[in-house]
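Enquirer: my questions are about this predicted structure, shown below with the sequence.
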Amino acid sequence: MIFEPLRAHPQHLDTLAAWHFAEWHSLYPDHSLDDFARDLQDSMGVDFIPGTWALLDGEQLIGSASILHQDMTANTDLSPWLANVYIAAKYRGRGLGQYLVLALMKKAAQAGLQNLYLFTEDRASFYHKLGWQVIRQHSYNQAEVRIMTTDLQP
């Protein structure tokens, strides 16, 4: 498995944008596929935040995860955010999501970040097993989501 910044694999931007759009468009109803692609493009710079990382098996794209300054138009008092955690359907159930999240948490801790936040509609138990805690519930674009955090520097 290869876990590297998306900027090292720009050929996968369009695929990731399509995956993310299909998965999360309901949470961002005013965003087009081009908006999702533009957000990914913005996370391909040299700065750690915003940053998107790709998980690959050789050249085969498997998934992604990002760290963003903001991931919601609400809860802007919280930052930075773990976002875009995605594993392609045919690779799910193999522990790769856990690998992806833990690898990015480690990178964030090494970069000196104290905390990360995320929001999820239906994966709170997955993140809880990885040390995340629910701090708020929120209605966001007609979806009930849980805001979670983790301490990266215990």
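Expert: Sure thing, it's come through. Being a predicted model, the structure only gives us computed values, none of them experimental.

Enquirer: hey, let's count contacts and neighbours off CA atoms from now on
Expert: Noted.

Enquirer: and after the helix or strand of the chain with the lowest mean pLDDT, which helix or strand comes next?
Expert: Least confident element among the helices and strands of the chain, by mean pLDDT, DSSP states H and E: strand 133-140 (a mean of 90). As assigned by DSSP states H and E, the chain's next helix or strand after strand 133-140 is strand 143-151.

Enquirer: which helices and strands sit right next to that next one?
Expert: If you count contacts as 3 or more CA pairs under 8 Å, 6 or more residues apart in numbering; DSSP states H and E, strand 143-151 packs onto strand 115-120, strand 133-140.

Enquirer: specify the angle between the longest one and strand 115-120 in degrees.
Expert: Read it as strand 133-140. Orientation note: strand 133-140 sits at an angle of 50 degrees relative to strand 115-120 (axes from the mean of the first three to the mean of the last three CA atoms, to 10 degrees).

Enquirer: strand 133-140 pairs with which strands, parallel or anti?
Expert: Neighbouring strands of strand 133-140 in its sheet, by DSSP bridges, are strand 143-151 (antiparallel).

Enquirer: can you tell me what sits against the strand it pairs with?
Expert: 27, 114-122, 124, 131-139 (CA atoms under 8 Å, 6 or more residues apart in numbering).

Enquirer: what about that strand, average pLDDT?
Expert: Across strand 143-151, pLDDT averages out at 93.

Enquirer: one more: stretch 111-130?
Expert: So the average pLDDT for stretch 111-130 ends up being 95.

Enquirer: start and end of it, how far apart?
Expert: 19 Å (CA to CA, to the nearest Å).

Enquirer: related to what we said a few turns ago, are any of the contacts of strand 143-151 buried, and which?
Expert: 27, 115-120, 124, 132-134 (16 or more other CA atoms under 10 Å).

Enquirer: what two of those are the furthest from one another?
Expert: Leu27 and Asn115 (23.5 Å; CA to CA).

Enquirer: columns distance to Arg92 on top of the buried ones among the contacts of strand 143-151, output as a markdown table?
Expert: Output for those, formatted as a markdown table (distance: CA to CA, whole Å):
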| residue | distance to Arg92 |
| --- | --- |
| Leu27 | 22 |
| Asn115 | 27 |
| Leu116 | 24 |
| Tyr117 | 23 |
| Leu118 | 20 |
| Phe119 | 20 |
| Thr120 | 17 |
| Ala124 | 17 |
| Trp132 | 21 |
| Gln133 | 23 |
| Val134 | 24 |
